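**Student:** pasting a predicted model and its sequence here:
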Amino acid sequence: MLKVGVVGTGNIFKQAHLPGWLSSKDVEIIAFCDAFRDSAVAAAKDFPDAKVYDHYNELLDNPAIDIVGISTPNIFHSEIAIAALRKGKHVFCEKPDAINPLEAQKMADAAAESGKLLMTMRNNRFSAEAQFMKRLMDKGELGEMYMGRCGWIRRRGIPGRGGWFTTKELSGGGPLIDLGVHMIDMAMYLGGSLKPVTVSGSTYRKFADQPDASGQIPSGTYDVEDLAAGFIRFDNGASLQIEFSWASNIAVEQKFLEWRGTKGGFSLINDKLNIFTEKEGALIDEQPSFAAAKIPQHTANIQHFIACVLGKEQPIITPEQGVDMIKILSAIYESADRGKEIRL
């Protein structure tokens, strides 16, 4: 039985991480920690034998803990992960890996030095649609992937306005680092062994001073973008267009991923999959249907992590991929600031 200590007991823990841990017969949560002690106490109420800690260092000193789950504001991910790995704990961390490439690399280095498993949430890889397309693309059925497009655009959907989400010092950025990490990762996962070489991007902050439904301008910090767009080139010549927003004047919210290949292409729009191919001189559109997922994506990701800790599976999400992801996001922000393409 693997023993889990949790650092960060807010909404993402309750909604995404906790169901994952509870779904496994191989783990037991024995410790909780949060900067707001009342939150940790509330999370622990259904675990009568669990301990509550005021600081994560106290939790890490517990020798019974095998795994540390991190679901804190972004700025603390690397700090806690590195400390946990150095204490000989396996680490499962909420996305993004870190708020800058240096911290992401430190995490990867600490994992390598400790010999312990470090994995960051990449739940979109575990959807039925993504897994289906991964099998097709790995077999080469769509040919060479050369042009992609992905994004997650909202009409109105700024999370925690005035709190840590909209405070760059704590979050690292706006929708690019919040939503972009999901879709860019899935695009690269499906696209094959893609190594980014250059990026260019633009960011916009147009809703910071917009009044809410009551007509009042919300208080608190809002110094991140609310829309980011860009272009990524990879070492094999493939490229990827990206767009992410928390607020923009569009028709409806849309989450999308497309890849175009030499033998076919596909689009995954709001979880609806369409495949475009050609057979016997005819253009073919296919719409695969899937039974309702028995396991939510976040839970499937955590179950994969547990199986990897137990040596039953090999990780499909690696710290090195996390470093590449944070390099991409950081370079897009740099490109937007400097108005030029950035080489990675």
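**Tutor:** It's in.
**Student:** give me the nearest residue to R155, chain neighbours excluded.
**Tutor:** I250 (5.5 Å; Cβ to Cβ, 6 or more residues apart in numbering). Every residue, glycine included, has its C-beta placed from N, CA and C.
**Student:** what residues sit buried inside stretch 266-285?
**Tutor:** 266, 268, 273, 275-277 (16 or more other Cβ atoms under 10 Å).
**Student:** which one of the residues you listed is nearest V7?
**Tutor:** L268 (33.0 Å; Cβ to Cβ).
**Student:** did I read that right, that closest one in a helix?
**Tutor:** No: counting by DSSP: H, G, I helix; E, B strand; the rest coil, L268 is not found in a helix; it is strand.
**Student:** contacts only, for it.
**Tutor:** 129-130, 133, 256-258, 274 (Cβ atoms under 8 Å, 6 or more residues apart in numbering).
**Student:** swap in G180?
**Tutor:** 152, 228, 242, 244, 329, 332.
**Student:** related to what we said a few turns ago, filter the contacts of L268 down to the ones in helices?
**Tutor:** Counting by DSSP state H, the contacts of L268 place 129-130, 133 in helices.
**Student:** grab the nearest non-local neighbour of G174.
**Tutor:** Nearest to G174 is V224, by Cβ to Cβ, 6+ apart, at 3.5 Å.
**Student:** do the same with D223
**Tutor:** K168 (5.1 Å).
**Student:** for the one you found, the count of nearby residues, please.
**Tutor:** 18 (other Cβ atoms under 10 Å).
**Student:** G180 versus that one, what's the distance?
**Tutor:** Distance of K168 to G180, given as Cβ to Cβ, to the nearest Å: 15 Å.
**Student:** cool, S219 as well?
**Tutor:** Distance from S219 to G180, by Cβ to Cβ: 27 Å.
**Student:** contact partners for A282?
**Tutor:** By Cβ under 8 Å, 6+ apart, A282 lies in contact with nothing.
**Student:** bridging residues for it?
**Tutor:** K279 (DSSP bridges).
**Student:** show the pLDDT at it.
**Tutor:** Per-residue pLDDT puts A282 at 97.
**Student:** tell me how far it lies from V68.
**Tutor:** From A282 to V68 the distance is 54 Å (Cβ to Cβ).
**Student:** cool, R86 as well?
**Tutor:** 11 Å.
**Student:** more neighbours: which of the two?
**Tutor:** Each of R86 and V68 has its neighbours counted (other Cβ under 10 Å); V68 has more, 26 against 13.
**Student:** ok, and the closest non-adjacent residue to that one?
**Tutor:** V68's closest residue in space is A84 (Cβ to Cβ, 6+ apart), at 4.0 Å.
**Student:** what is the distance between the helix or strand harbouring the one you found and the centre of its chain?
**Tutor:** Assigned by DSSP states H and E, A84 belongs to helix 77-86. A distance of 18 Å separates the C-alpha centroid of helix 77-86 from that of its chain, computed with Cα atoms, centre = their mean, to the nearest Å.
**Student:** parallel or antiparallel, which strands does whatever helix or strand comes next after it pair with?
**Tutor:** Remark: after helix 77-86, the chain's next helix or strand is strand 90-93, criterion DSSP H and E. Using DSSP bridges, the strands paired with strand 90-93 are strand 67-70 (parallel), strand 118-120 (parallel).
**Student:** that older thread, could you tell me the phi and psi values at the residue nearest to D223?
**Tutor:** phi -60, psi -40 (degrees, to the nearest 10).
**Student:** quick one: buried residues of stretch 241-250?
**Tutor:** Under 16+ other Cβ under 10 Å, the buried positions of stretch 241-250 are 242-248.
**Student:** mind putting those into a markdown table with distance to S202?
**Tutor:** Below are those laid out as a markdown table (distance: Cβ to Cβ, whole Å):
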| residue | distance to S202 |
| --- | --- |
| I242 | 11 |
| E243 | 10 |
| F244 | 12 |
| S245 | 12 |
| W246 | 15 |
| A247 | 16 |
| S248 | 13 |
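**Student:** list of residues touching the lengthiest helix in the chain?
**Tutor:** Secondary structure of the chain read by DSSP H shows that its longest helix is helix 319-338. Contacts with helix 319-338, where a contact means Cβ under 8 Å, 6+ apart, come from 96-101, 103-105, 107-108, 111-112, 118, 120, 172-173, 176-177, 180-181, 184-185, 188, 195-196, 199-203, 225, 228, 230, 232, 242, 341-342, 344.
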